[in-house]
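Q: I'd like to go over a predicted model; first the sequence, then the structure.
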Amino acid sequence: MKKVSAILNKYNIETNVSNGTFYLYVKAPKSFSSGDEFSRYLLDNCGIFTIPWDEVEPCIRLSMTFDSALSDEKFYLELDNRLKRCF
């Protein structure tokens, strides 16, 4: 979660890393009115699937619960490349 959070922060996407859960909560940038809008943008433009989470504030939720078919380093590189194209 810390590595994914660092990649998101690189693109000014604020994250909340908690030791008590396997979810990564990500604040929607101010240019988005809701987590739903931000989630849709990530899916449509970056190919990144997230869950909108607007209970307290505009956020999305990423689940860190399963292994990727890619090695960790390739996964991080792919995430970084996708975000680079969108932000």
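A: Good, I have the coordinates.

Q: now do the helix or strand of the chain with the lowest mean pLDDT: which elements does it pack against?
A: Ranking every helix and strand in the chain by mean pLDDT, DSSP states H and E puts strand 15-16 at the bottom, with a mean of 83. Packing partners of strand 15-16 (3 or more CB pairs under 8 Å, 6 or more residues apart in numbering; DSSP states H and E): helix 2-10, strand 23-27. The C-beta positions use only the backbone N, C-alpha and C, and glycine is treated the same way.

Q: strands of the chain, start to end?
A: Assigned by DSSP state E, the strands in the chain fall at 15-16, 23-27, 51-53, 59-63.

Q: now the last one against strand 23-27, angle please.
A: What separates the directions of strand 59-63 and strand 23-27 is an angle of 160 degrees, with axes from the mean of the first three to the mean of the last three CA atoms, to 10 degrees.

Q: what's strand 59-63 packed up against?
A: By 3+ CB pairs under 8 Å, 6+ apart, strand 59-63 packs against strand 23-27, helix 35-41, strand 51-53.

Q: mind putting these in CSV, mean neighbour count and mean pLDDT included?
A: As requested, those are exported to CSV (neighbours: other CB atoms under 10 Å; pLDDT from 0 to 100):
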stretch, mean neighbour count, mean pLDDT
strand 23-27, 20, 92
helix 35-41, 19, 98
strand 51-53, 17, 95
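
Q: nearest to residue 81, out of these?
A: Counting by CB to CB, residue 81 lies closest to helix 35-41 out of the helices and strands packed on strand 59-63; the figure is 16.8 Å.
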